[in-house]
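In: With the sequence up front, the predicted model follows.
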Amino acid sequence: MSCIVIYEENDLMRALLEEWLREAGYRVCAAAAHSQQSAKVADLVIVNVHTPKQAAARLIREIQAVHPATPLIAISGHFLPGLSASGPIAQTLGVQQVIAKPLARIDLLGAVRAIIGAPS
């Protein structure tokens, strides 16, 4: 079963993401704020990027250091809807997918499936 780590400081948003992922059959092995680094092995990391560009890149690098070679999805209220996985923001941040907030369940689950496949 796939293990997904979520870095989201807002408790309600983190709980919603966990609920959507668990209901879809995924296992969320750690849900943490950015300040709490989880060294658990993960198949995917979802991170909320709520800071300006340079701080966002630094945050992503810190999380990539904790989870090397693990694909990342970045979500943010600062992203514009309709961004593509191969777009300049995803490439600049070094993530596999970016999703604008507010996000829909279908967008999140579609991105997760595209990266790690359906839950086993």
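Out: Cool, the structure landed. This one's a predicted model, so the numbers in the text were calculated from it and none came from an experiment.

In: the bottom helix or strand of this protein by mean pLDDT?
Out: Taking mean pLDDT, DSSP states H and E as the measure, the helices and strands of the chain show their lowest mean at helix 88-93, namely a mean of 69.

In: Check which element follows it along the chain.
Out: Beyond helix 88-93 in the direction of the C-terminus, DSSP states H and E gives the next helix or strand as strand 97-100.

In: Output the contacting helices and strands for the following helix or strand past that following strand.
Out: Past strand 97-100, heading to the C-terminal end, the next element that is a helix or strand (DSSP H and E) is helix 105-116. Here helix 105-116 is seen to pack against helix 11-23, strand 44-48, strand 72-76, strand 97-100 when contacts are counted using 3 or more CB pairs under 8 Å, 6 or more residues apart in numbering; DSSP states H and E. Quick note: C-beta positions are derived from backbone N, CA and C, even for glycine.

In: got those as a markdown table, with mean pLDDT, mean neighbour count and distance to Ala56 columns?
Out: A markdown table is the format used below for the helices and strands packed on helix 105-116 (pLDDT from 0 to 100; neighbours: other CB atoms under 10 Å; distance: least, CB to CB, whole Å):
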| stretch | mean pLDDT | mean neighbour count | distance to Ala56 |
| --- | --- | --- | --- |
| helix 11-23 | 94 | 15 | 17 |
| strand 44-48 | 92 | 24 | 9 |
| strand 72-76 | 89 | 24 | 8 |
| strand 97-100 | 84 | 22 | 10 |
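
In: CSV for those, including distance to Ile4?
Out: Below are those laid out as CSV (distance: least, CB to CB, whole Å):
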stretch, distance to Ile4
helix 11-23, 6
strand 44-48, 5
strand 72-76, 9
strand 97-100, 13
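
In: now for the ones you listed, which one comes closest to Gln64?
Out: Proximity to Gln64 (CB to CB) singles out strand 72-76 among these, at 7.0 Å.

In: Could you list the paired strands of the closest one along with their orientation?
Out: Strand pairing for strand 72-76, determined by DSSP bridges: strand 44-48 (parallel), strand 97-100 (parallel).

In: Could you check the angle that strand makes with helix 105-116?
Out: 160 degrees (axes from the mean of the first three to the mean of the last three CA atoms, to 10 degrees).

In: quick one on the thing from earlier: now the strands paired with strand 72-76 in TSV, with distance to Leu108?
Out: TSV is the format used below for those (distance: least, CB to CB, whole Å):
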stretch	distance to Leu108
strand 44-48	8
strand 97-100	6
